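Engineer: Give me a 3D structure for the following:
(one chain, ligands or ions: 1)
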Amino acid sequence: MSTTTSTQAAPAAPPAPPPPAPPAPSAQPLLAALGQSLVPHLGALSPAPGERSWLRLPAPEPEWGMWLLAWGPGSSTGWHDHGLSAGAFAVLTGELTEYAVTRRRPDSGLVATAAGDSGAACDVPLPPDGPRVRRLGPAELRPFGRDHVHDVRNETAAIAYSLHVYAPDLPLMHRYRLDEERGLLVHTATERGGEDW
Ligand SMILES: [Fe+2]
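Structural biologist: Predicted coordinates:
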C-alpha cells in the first residue's frame with residue numbers, strides 16, 4: 001500500500017488592503033507654522049495707521065524674493081501689478097482685503113517690458129462688474145500670475161502681517177490709478193527693484 005502526499009501549497013490569503021492614505025498636506029498648517037516662526041520678528045515692524053513697513057527675508061530659492069509686510073490700520077498698496085513676476089501672499093495675522101483684476105490683453109505693455117524693459121505698460125480695463133473682492137484671514141494663501149493687478153488693503157483697526165513671495169524677485173512693478181468713470185486702471189508709474197524698494 002502506498003501513500004501519496006500533496007506538495008501543492010494552500011492558496012495564499014489575499015493581501016491586506018493598504019492603510020488609508022493620510023490627508024495631503026495643505027498650505028494652511030504650513031503657513032500657520034511659518035507664521036509662528038516669524039512671531040519673534042513681528043515686533044520690529046510696527047507701522048502707524050495708514051502706513052506699511054516691510055522686511056526682506058531669505059528666500060528658499062535664489063531667484064525668488066520673500067518679504068514680510070506689516071500693514072497699519074487703513075493702509076493699502078494702491079493698484080499695481082508685479083511686472084513679469086508671479087507670486088503668492090498669505091496673511092499671518094489680522095485680515096487683508098484684496099481688490100483684483102486680471103489683465104486679459106495679450107498685447108499688454110508687459111510684453112514690451114519683457115522684450116526691452118521699455119516700461120511701456122498700458123491701461124487695464126475693469127470688468128463690467130468691477131474688481132473681484134476677497135477677504136483673507138490668517139493662513140489663507142493667495143497665489144497669482146503675472147497677469148494679476150490688485151490693490152491690497154488693511155480695512156481693519158488692527159495691524160496685519162503677511163508673507164509675500166515673488167518669482168522672479170520683483171524687478172519691476174507698474175502702478176495704476178482707478179478711473180471708475182472710464183472703467184479703467186490708468187497706468188501712472190513704473191517702479192524698479194533696487195531703486196524704488
Ligand atoms: Fe502686489
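
Engineer: so where's the chain uncertain?
Structural biologist: For the chain, the stretches with pLDDT under 70 are 1-9, 22-25, 104-121.

Engineer: need the longest helix for it.
Structural biologist: Secondary structure of the chain per DSSP state H: the longest helix is helix 27-42.

Engineer: buried ones in the helix or strand following that helix?
Structural biologist: Toward the C-terminal end, the helix or strand that comes next after helix 27-42 (DSSP states H and E) is strand 52-57. The neighbour-count check on strand 52-57 (16 or more other Cβ atoms under 10 Å) flags 52, 53 as buried. C-betas here are computed from N, CA, C, even on glycine.

Engineer: ok, now stretch 72-92?
Structural biologist: Under 16+ other Cβ under 10 Å, the buried positions of stretch 72-92 are 72-73, 75-77, 79-85, 87, 89-92.

Engineer: to the chain's geometric centre, what's the distance from that stretch?
Structural biologist: Its chain's C-alpha centre and that of stretch 72-92 lie 8 Å apart, by Cα atoms, centre = their mean, to the nearest Å.

Engineer: rewinding a little: out of the buried residues of stretch 72-92, name the ones that lie in strands.
Structural biologist: Of those, the ones assigned to strands by DSSP state E are 79, 80, 87, 89, 90, 91, 92.

Engineer: Apart from its neighbours in sequence, what residue is nearest the last one?
Structural biologist: Same thing as residue 92. residue 35 (3.8 Å; Cβ to Cβ, 6 or more residues apart in numbering).

Engineer: give me every residue that touches that neighbour.
Structural biologist: 92, 93, 138, 139, 161, 163 (Cβ atoms under 8 Å, 6 or more residues apart in numbering).
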